[in-house]
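Enquirer: Sequence and predicted structure are below.
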Amino acid sequence: MSVVTRFAPSPTGYLHVGGARTALYSWLYAKSQGGKFVLRIEDTDVERSTEQAKQAILDGMKWLGLEHDEGPYYQTERFDKYNQYIDKLLEQGLAYRCYMKSDELDKIREEQEKRGEKPRYPGTWRDRTDYPENEAFAIRFKNPKEGEVVFKDHVRGEIRISNTELDDLVIRRSDGTPTYNFCVVIDDWEMGITHVVRGEDHINNTPRQINILKALGAPVPEYAHVSMILGDDGKKLSKRHGAVSVMQYRDDGFLPQAVLNYLVRLGWSHGDQEIFSVDEMIDLFSLDHISKSASAFNTEKLIWLNQHYIKTLPASEVAEHAKWHFDEQKIDVRNGPALEDVIKVQAERVDTLKELAEISRYFYEDFEEFDANAAKKHLRPVAKECLVAVRDALNEVGEWNSANIQNAINNTAEKLGLGMGKVGMPLRVAATGSGNSPSLDVTLVLLKQSKVAQRIDKAIEFIEKRENS
Ligand code: GLU
């Protein structure tokens, strides 16, 4: 049997962390089995579905690299199909017209609740044929009255629900539109879905969907219902806990590799292993190792993973994602060293790509002002002599490489009879604008000889102005 899985989001908001994890598990399972992954947009709730949300979901999936093999399908484009199946069930006596008005049903439910019963449709129209004329009706599915639905959930084990617990579900509303549970059933069948991976909030729908599948003579897929994600305070993860939209993580400077690695571990494990490349995830993933208990979101761990990937992925790969942040911060990377080279020297110093761009601006742009604290401390009159000497020494450097630069700095310090720091710190502030940078030799290599000389001159001018004021 070849495996087909799907991700079936309702486009009523962004692709959030929970949805992304479900999508990842579903995608991983398909990939691990050499199967197919289908993307289906469940937009039947036309009031709440928006174009923007559809696009946000597609963007999020693309950014994470969870490419689909089929789709995206849109349920609103498939209404005719659903209705044809409903007509067939009607013909076969497996569904029926229900003329009960909603206020009548509300009253019944109220009374049931008063008696402490579970509110449910009592099957009033199940066997009636005395249809009133010119009145709107819904179509209900004739749920079996006897027996039970049994299925083996990959996460939760065997689940049994007695059919007496289930009432006859509306499958077509009186306005002619098919309902959510019915569309899912038809789609899972027609799209050949063999494994349904979804949130545990859908577990109550599963027995109903299985009954409809059986009535249609369709095969029943296997199921894996994934538990909830909680915030670090133990409450259901929501906007209050910071970013929940996947694209917010991009905006905050996370790499998709880090987010994927974070998400895969949020409810799935393979021994004590924490770091998984995507290929490794595909190799090792199995539905049977998904955890039953809710998982708590831990931002620290996500940051730790992000740091890990910034440091260890090939700089060219990091650069592809970092470029977005430089653009976002209006830093034109054509005006300076290759982004990869900057990443190599800065990777150790940052948690996020956003920070990376922030602290790398001086490679691409002249700064207006020196950092006030650094200037106060290091661009004092005594530093002027050092800066003049080191500028001249650096101007003499033939091949502009880190060994030669280091030599020039060392020789200057020696000549002036000063410690390295006394020369190095003013030079650092002159070249980068602040007291924080990677080691001077590599920083200066990337800045280029003429730029360094120009910036040292600016620092000397700054000191002179200060002397005269
Ligand atoms: N459309 C549903 C949701 O967004 C998912 C349904 C399913 O996976 O069966 O929650």
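Expert: Done, it's in.

Enquirer: just checking, what's the longest helix in the protein?
Expert: helix 449-468 (DSSP state H).

Enquirer: Check the offset of the helix or strand that contains Glu317 from the chain's centre.
Expert: Using DSSP states H and E, Glu317 sits within helix 315-328. Centre-to-centre, helix 315-328 and its host chain are 17 Å apart (Cα atoms, centre = their mean, to the nearest Å).

Enquirer: Mind listing what's buried along the helix or strand following that helix?
Expert: Using DSSP H and E, the helix or strand that follows helix 315-328 towards the C-terminus is helix 339-346. Using 16 or more other Cβ atoms under 10 Å as the test for burial, helix 339-346 gives Leu339, Asp341, Val342, Ile343, Lys344, Val345, Gln346. (C-beta placed from N, C-alpha, C; glycine too.)

Enquirer: same thing with stretch 128-135?
Expert: Buried residues in stretch 128-135, counting neighbours by 16+ other Cβ under 10 Å, are absent.

Enquirer: And the average pLDDT for it is what?
Expert: The average pLDDT for stretch 128-135 rounds to 95.

Enquirer: got it, and stretch 275-285?
Expert: On average, the pLDDT along stretch 275-285 is 97.

Enquirer: List the contacts of that stretch.
Expert: Residues outside stretch 275-285 that contact it (Cβ atoms under 8 Å, 6 or more residues apart in numbering): 25, 28-29, 31-32, 65, 257, 260-261, 264-265, 268, 270, 305, 308.

Enquirer: hang on, Asn298 packs against Asp232?
Expert: Yes: using Cβ atoms under 8 Å, Asn298 makes contact with Asp232 at a distance of 6.3 Å.

Enquirer: May I see the buried residues of helix 339-346 organised as JSON lines, with distance to the ligand added?
Expert: JSON lines is the format used below for those (distance: Cβ to the nearest ligand atom, whole Å):
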{"residue": "Leu339", "distance to the ligand": "37"}
{"residue": "Asp341", "distance to the ligand": "44"}
{"residue": "Val342", "distance to the ligand": "41"}
{"residue": "Ile343", "distance to the ligand": "37"}
{"residue": "Lys344", "distance to the ligand": "42"}
{"residue": "Val345", "distance to the ligand": "44"}
{"residue": "Gln346", "distance to the ligand": "39"}
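
Enquirer: Now for those: which two are most distant?
Expert: Taking Cβ to Cβ as the measure, the buried residues of helix 339-346 span a maximum distance of 11.3 Å, between Leu339 and Val345.

Enquirer: about what we covered before: what helices or strands is the longest helix of the chain leaning on?
Expert: On a contact count with 3 or more Cβ pairs under 8 Å, 6 or more residues apart in numbering; DSSP states H and E, helix 449-468 meets helix 381-396, helix 420-432.

Enquirer: picking that back up, are there residues contacting both of Leu339 and Val345? Which ones?
Expert: By Cβ under 8 Å, 6+ apart, no residue touches both Leu339 and Val345.

Enquirer: Get me the contact residues on the protein for the ligand.
Expert: Residues of the chain lying close to the ligand (Cβ under 6 Å from any ligand atom) are Ala8, Pro9, Ser10, Glu42, Val184, Arg198, His202.

Enquirer: Tell me, how many residues neighbour the residue of the stretch 301-450 of the chain found nearest the ligand?
Expert: Across the stretch 301-450 of the chain, the shortest distance to the ligand (Cβ to the nearest ligand atom) belongs to Leu302, at 23.3 Å. Residues near Leu302, counting by other Cβ atoms under 10 Å, number 22.

Enquirer: next one: Thr299
Expert: Thr299, neighbours per other Cβ under 10 Å, totals 13.

Enquirer: wait, isn't it in contact with Gly231?
Expert: No: using Cβ under 8 Å, Thr299 is not in contact with Gly231; the gap is 9.6 Å.

Enquirer: Below-threshold pLDDT in the chain: ranges please.
Expert: When residues are selected by pLDDT under 70, those of the chain lie in 242-243.

Enquirer: what residue is smack in the middle of it?
Expert: Among the residues of the chain, the one closest to the centroid is Val246, at 3.2 Å (Cα atoms, centre = their mean).

Enquirer: Please report the distance of that residue from Glu91.
Expert: Distance, Val246 to Glu91, by Cβ to Cβ, to the nearest Å: 44 Å.

Enquirer: in the stretch 101-250 of the chain, what residue is nearest the ligand?
Expert: Closest point on the stretch 101-250 of the chain to the ligand, by Cβ to the nearest ligand atom, is Arg198, at 3.5 Å.

Enquirer: quick check, that residue in a strand?
Expert: Yes: Arg198: assigned to a strand according to DSSP: H, G, I helix; E, B strand; the rest coil.

Enquirer: For it, give me its contacts.
Expert: Neighbouring residues of Arg198 by Cβ under 8 Å, 6+ apart: Ala8, Thr22, Tyr223, Ala224, His225, Val226.

Enquirer: could you give the angle of the helix holding Glu317 to helix 339-346?
Expert: On the basis of axes from the mean of the first three to the mean of the last three Cα atoms, to 10 degrees, helix 315-328 is oriented at 100 degrees to helix 339-346.

Enquirer: In helix 315-328, which residues are buried?
Expert: Ala315, Val318, Ala319, His321, Ala322, Trp324, His325, Phe326.
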